[in-house]
Structures are given as C-alpha cells and as structure tokens.
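>>> coords please:
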Amino acid sequence: MTRIPAGFSLDSLDPSSTPGFDGDKEEGKAELERHADELSELQERLFAARTGGDTSSVLLLIQGMDTAGKGGIVRHVIGQVDPQGVQLHAFKAPTEEEKAEHFLDRVRRQLPAPGMIGVFDRSHYEDVLIAKVRSLAPEAEIEERYNEIVRFEEEIAGKDITLIKVMLHISPHEQKERLQERLDRPDKHWKFAPGDIDERALWSEYREAYQTAIDRTATESSPWYVVPADRKWFARLRVQQLLIEALRKIDPQWPAADFDVEAEKARLAAS
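Residues are numbered from 1 along each chain as shown. Here you go, the predicted model:
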C-alpha cells in the first residue's frame, strides 16, 4: 500500500520499489492499458451523472520534485479519459495579484465543478514547501498554513470533492539521470531549467519540508499517498489505481432519461 500509515517516514520507502505489484515494466504497462476502459467508463459516468443532479467530483493533487513524473501522469493516466471531463491546472509561482490575496484563494478558484476530474500539477502545498525551504514567509506563518490547509481540505470534502493527494517519491540518483537526459537530448531542452539544479542542491531541505507537510496534513478524510516514482510505469499504474478506486467508491450512475424513451423511439422510426 502507498497510503501512508501513522508515523510514516519517507526514508522507509524505496523510490525504486513497486509495492503491491510483482510484475516487470512490460507487465505494468499492459496492466495500465488493461484498466484504461474501466477508468474511461467511470469518468464518463461521473460526467454524465451531473446532469441528473449528482454533485460529486474528484481532485487529483500531484506533488513531487522536478522530473518526478507529474507530466507523465497527466499524459498517460488522465489521457485515458475524455478531456472534456477534466479540469487541469498547473500552479506556477504566484503573480503579484495572487501574492496580495490569501494563499488558498487561487486554489479555490480551480476546484473541479460537479462531474469533473480536477488535476493539480503542484498545488497549495508549494506554499509550505518552497516557502519553508526558501524562507519566503515567516516560520510562524508557515506553521499556521498547515492548519489552514487541513481546514481547507475538510471544506473540499464538504463540497462532494474526493481528494487524492499524491507525492511522487523520486530518488536523487534518478532525478540526476532524468536531468542529464534533458540536457543530452535537444528535443528535451525545453523541459530543462537551470534553476532545477539550484533546487536539487537543497534536496535534504525539500525532503524535510515534504515530511513535515505530510505529517501535519495527513488526516483520515484526506490521506497522503506516497508513490515510488523511480519507475515511471509503476507510478502511472498506481495513480490510475487510485483514481479507479475513488470512482468506484463514488459509483456514479447513468442519469435516467427525462423523456419518454419509447415515444421517442416511435417518433424516430416514423421520421
């Protein structure tokens, strides 16, 4: 299981492991494809159910160090469903206007509407991760943000939004390999930012910041899932499983027709 238990330590989970799956890369990729149809149908049912008044939605929140595979999750997992039922938002550094408001305001504006799967590529957790590592806010303010995040995520649950919080757990060695590939391949230069190496130099500080954020904000109603990410295929498979499990629990139903089906069949036959 990748849902973290009480007292969990990031150091206790091998980033190259595949907990709960004994197969190899090819078997993992086949498993991902095998469940694509189920994920697609569940998403379509969720999207359709809103027309019958169902207010349920899902929010997949993805955190991780640079190169951890957030974009791959979006392409290979979220890419298996109808894009019209997806609300994707990548949180960048806040604008000057956003800095002037409460740090959660810009997040509230991006919450998924009923029937949608929302995806956050990074999230409000940047305000306790980067802010802590880079000392962008006073320590007392960062401490209060943990409490505000817990209350906010309780608020999310009250809106019938099922929140799936995922940390993609990559090793420094694997990150170095992926950054090297971005430098070696001209078709990946656009993905590289010199600042990635600056952030890499603060690996221990980020690891501590992630540990603290997880410790302070993992609750029964809003748990964290730490997914080993050195093997991209496994991270994608695990996130797909988490989405399917959440949608199965919601169990969205096809809405009943609000017209006389038999009468419409007769009208069509006569047309």
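
>>> List the contacts of Trp190.
Contact partners of Trp190, counting by C-beta atoms under 8 Å, 6 or more residues apart in numbering, are absent. C-betas here are computed from N, CA, C, even on glycine.

>>> Give me the three-state assignment for it.
helix (DSSP: H, G, I helix; E, B strand; the rest coil).

>>> pLDDT wise, what is it at?
Confidence at Trp190, expressed as pLDDT, is 95.

>>> One more: Ile197?
We have a pLDDT of 93 for Ile197.

>>> Look up how far Glu98 lies from it.
Distance from Ile197 to Glu98, counting by C-beta to C-beta, to the nearest Å: 27 Å.

>>> neighbours of Gly7, just the number please.
7 (other C-beta atoms under 10 Å).

>>> mind checking the backbone torsions on it?
As for Gly7, its main-chain torsions (degrees, to the nearest 10) stand at phi 80, psi 10.

>>> Not counting residues beside it along the chain, what's closest to Ser221?
Ala157 (5.4 Å; C-beta to C-beta, 6 or more residues apart in numbering).

>>> Pull up the gap between Glu101 and Leu136, please.
16 Å.

>>> residue ranges with poor pLDDT in the stretch 1-150 of the chain?
The model of the stretch 1-150 of the chain has pLDDT under 70 over residues 1-2.

>>> so where do the strands sit in this protein?
57-64, 86-90, 117-121, 161-169, 224-228 (DSSP state E).

>>> Tabulate those strands (a markdown table), appending mean neighbour count and distance to Lys25.
As requested, the strands of the chain are exported to a markdown table (neighbours: other C-beta atoms under 10 Å; distance: least, C-beta to C-beta, whole Å):
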| stretch | mean neighbour count | distance to Lys25 |
| --- | --- | --- |
| strand 57-64 | 24 | 20 |
| strand 86-90 | 16 | 27 |
| strand 117-121 | 22 | 24 |
| strand 161-169 | 23 | 17 |
| strand 224-228 | 23 | 14 |
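
>>> wait, which of those strands is closest to Ser17?
strand 224-228 (4.9 Å; C-beta to C-beta).

>>> Now do the closest one and strand 161-169, the angle between them.
40 degrees (axes from the mean of the first three to the mean of the last three C-alpha atoms, to 10 degrees).

>>> which of Glu101 and Leu136 has more neighbours?
A count of neighbours by other C-beta under 10 Å puts Leu136 above the other of Glu101 and Leu136, at 14 against 10.
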